[in-house]
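Chemist: After the sequence you'll find the predicted model.
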Amino acid sequence: MADRRTIESSLSGSSMTGSRETFEYKPTAVMPDVKVVKIGGQSILDRGRAAVFPILDEIVAARKLGIQVVLLAGGGTRARHIYSLASELEMPTGVVATLGKYIPMQNARMLQMLLAKHGGIYMLPDDFEKLPLYLQMGCIPVMSGMPPFGYWEKREEGSRIPPPRTDAGVFLSAEFLGSPRAIFIKDEDGLYTDDPKKNPAATHIARISSKELIERNLPDVVLERVVVEYLPRAQWCKELQVVNGLKPGQVLAALKGEDVGTIIRA
Amino acid sequence: MAPFVIFGGTLGVLMSNIVGGDGRTHINSRLMRESLQNKDVLSNTDSERDLQIFPDVSLVSIGGQSIFDRGKDAILPLVAELVEIKKDRSVKMVIGVGGGTRVRHTISIAADLGLPVGGMAQLVGAMEELNAILLNTLLAPHGSMPMQRDHFWDLPLYFDAGITPIAISVPPYHFWEPPPAEGHLPTHGSDFGLFQLADVLGMKQAIFVKDEDGLYDKDPKKHKSAKKFGRITLADLMTQFPQDNILDQELFHAWKNAKNLKRIVIVNGLVPGQLTRALKGEDVGTVIVKEAARG
């Protein structure tokens, strides 16, 4: 039998499971100045004009100051509705994740229409390679926050809902681009000890490490849990900032790099 | 009042499902207003089973390093076997291929350049695709076609027409490949991608065609004393997980929580007949099952 024809490299013959690397890895940042910003689905977009317009005004103001912004949209109540139907039908998680792609895409398109006159441009998940052009032209690229895993989404124990959703997509985009902080615009001042909409005794947490957050095992958190698990492994995106988009000035302050809202550190 | 008809429904009916009152506009559903981070809410979405979409189909994965990198001597006999298998129209299979040594070379250069893990993941699929084109070129005269990424709903048509689809094996994690728990390399490779395809579609089994008679406790190319696993449960295998595994670890991590796939077979593609027997459901090579082992 013919031998394997192997190209010599630091990985030839390796099983590539990542556990026994023999090379040195010095990471290169792709576009470290870009601010990757999520606009929440249920928290912002489902509120309509009253919540969305003032936030977009602040994003446009930041862009005029030369701050490079990429917007990612969340899903919201329509995503919850389709997840609910799909769960009843015992759809595999990969199918649920595929269904979950469509609503953030709609929301991203809505944002693009609103931002078009200020350079809003709709981007597909694989269009990161076009970002340098868009940003040099002064555009505000808008895309869905949902990771493109779709049918290849893994099942989590005890749930049919895909664990990485639009928060994860925002973190993973920031990490790929080499951006040090991902910004999440929600309808709360950040992280609380419980869901403040349901528990009035919940108290605000301004600063916390991912380790501490995991250890506290809170019944509810403002961001997807999987993002807090990714955070300590990050090469670049070592901070998550959650700000209240319903309070005037918070979004612009966050885009200028100010420590408003909650900051979760790696 | 005459209902305003849209998409065959009525606006009246649609509006009755819309719930407001807290500044947000909701649609009535079991998950309405819920935080999808809440553990109790999440567990309500679960059940003991997942829908099985194509339970009579087998997934066949042909190794990159183990088969394609050996060239003609390994590839042509395997293609001849596939042509024979295809004569029995009751055998339904989807084929995927690995990328082999070119994937390792790509990653080694990309890692040296310090490219992010998502950048590496975006690059590697092209190397698997080259092997898929080679295989399709050889198999097309006998009925095969490359399948677009997630065009699964064409599969009944493929099977009715006697066409064997060749699937894209690297999953679309691309720029969004999550940072790995250990090291710096992408963890969602072609073994995982094809496993996931078999699981999400509820397939009968996944067969991995490699250049060894199955899975061994040690790398049989380096250790003469290596012992082959015959039929083993996933739970048993996890207690004695081989250091040098022939399949990616991510596949096993994902299989632990998966509900559909019950059987993974590893056969030797250099020994004619093993793949044929595995497709017929015989225990050949190493059979890993996700249930109590027989006997």
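Modeler: Happy to help now that I have it.

Chemist: residue contacts, residue A:140?
Modeler: By Cβ atoms under 8 Å, 6 or more residues apart in numbering or on different chains, residue A:140 lies in contact with A:59-60, A:63, A:69-71, A:115, A:118-121. Heads up, the C-betas are built off the backbone N, CA and C, glycines and all.

Chemist: Dump those residues into a markdown table; add pLDDT and distance to residue A:8 as well.
Modeler: Output for the contacts of residue A:140, formatted as a markdown table (pLDDT from 0 to 100; distance: Cβ to Cβ, whole Å):
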| residue | pLDDT | distance to residue A:8 |
| --- | --- | --- |
| A:59 | 98 | 50 |
| A:60 | 98 | 53 |
| A:63 | 98 | 48 |
| A:69 | 98 | 44 |
| A:70 | 98 | 39 |
| A:71 | 98 | 45 |
| A:115 | 98 | 50 |
| A:118 | 98 | 52 |
| A:119 | 98 | 48 |
| A:120 | 98 | 48 |
| A:121 | 98 | 44 |
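
Chemist: For PyMOL, write a command that selects the buried ones of those residues.
Modeler: Applying 16 or more other Cβ atoms under 10 Å in any protein chain shown to the contacts of residue A:140 leaves a buried subset, and the PyMOL line that selects it is:
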select buried, chain A and resi 59+60+63+69+70+71+115+118+120+121
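
Chemist: who touches the nearest residue to residue B:36 once chain neighbours are set aside in this structure?
Modeler: Counting by Cβ to Cβ, 6 or more residues apart in numbering or on different chains, residue A:161 is the residue found nearest to residue B:36 once chain neighbours are left out, at 5.8 Å. Contact analysis of residue A:161 by Cβ under 8 Å, 6+ apart lists A:83, A:87, A:93, A:96, B:36, B:42, B:45.

Chemist: ok, of those residues, which one's closest to residue B:243?
Modeler: Relative to residue B:243, the closest of those is residue A:93; by Cβ to Cβ it sits at 29.9 Å.

Chemist: Quick one: the helices in the chain, in order.
Modeler: Just going to use chain A. Here chain A has its helices, by DSSP state H, at A:49-64, A:77-88, A:93-99, A:102-115, A:131-136, A:166-177, A:210-216, A:225-230, A:250-255.

Chemist: you looked at the wrong chain, it should be chain B
Modeler: Along chain B, the segments classed as helices by DSSP H run B:11-16, B:39-43, B:72-86, B:101-112, B:117-139, B:155-160, B:190-200, B:234-239, B:249-257, B:274-279.

Chemist: packing partners for the third one?
Modeler: Packed against helix B:72-86 by the contact rule (3 or more Cβ pairs under 8 Å, 6 or more residues apart in numbering or on different chains; DSSP states H and E) you find helix B:117-139, helix B:274-279.

Chemist: one step back: what's the most buried one of the helices of chain A?
Modeler: For these, average neighbour numbers computed from mean count of other Cβ atoms under 10 Å in any protein chain shown are highest in helix A:166-177, which has a mean of 28.

Chemist: Just the CA coordinates for it, please, in PDB.
Modeler: What follows is helix A:166-177, C-alpha atoms only, in PDB (Å, rounded to 0.1, in the frame of the first residue of the first chain):
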ATOM      1  CA  THR A 166     -26.700  36.600  19.400                       C
ATOM      2  CA  ASP A 167     -24.700  37.600  22.500                       C
ATOM      3  CA  ALA A 168     -22.200  34.900  21.700                       C
ATOM      4  CA  GLY A 169     -22.100  36.100  18.100                       C
ATOM      5  CA  VAL A 170     -21.200  39.600  19.300                       C
ATOM      6  CA  PHE A 171     -18.400  38.300  21.500                       C
ATOM      7  CA  LEU A 172     -17.100  35.900  18.800                       C
ATOM      8  CA  SER A 173     -17.100  38.800  16.300                       C
ATOM      9  CA  ALA A 174     -15.200  41.100  18.600                       C
ATOM     10  CA  GLU A 175     -12.700  38.200  19.400                       C
ATOM     11  CA  PHE A 176     -12.100  37.500  15.700                       C
ATOM     12  CA  LEU A 177     -11.600  41.200  15.000                       C
END
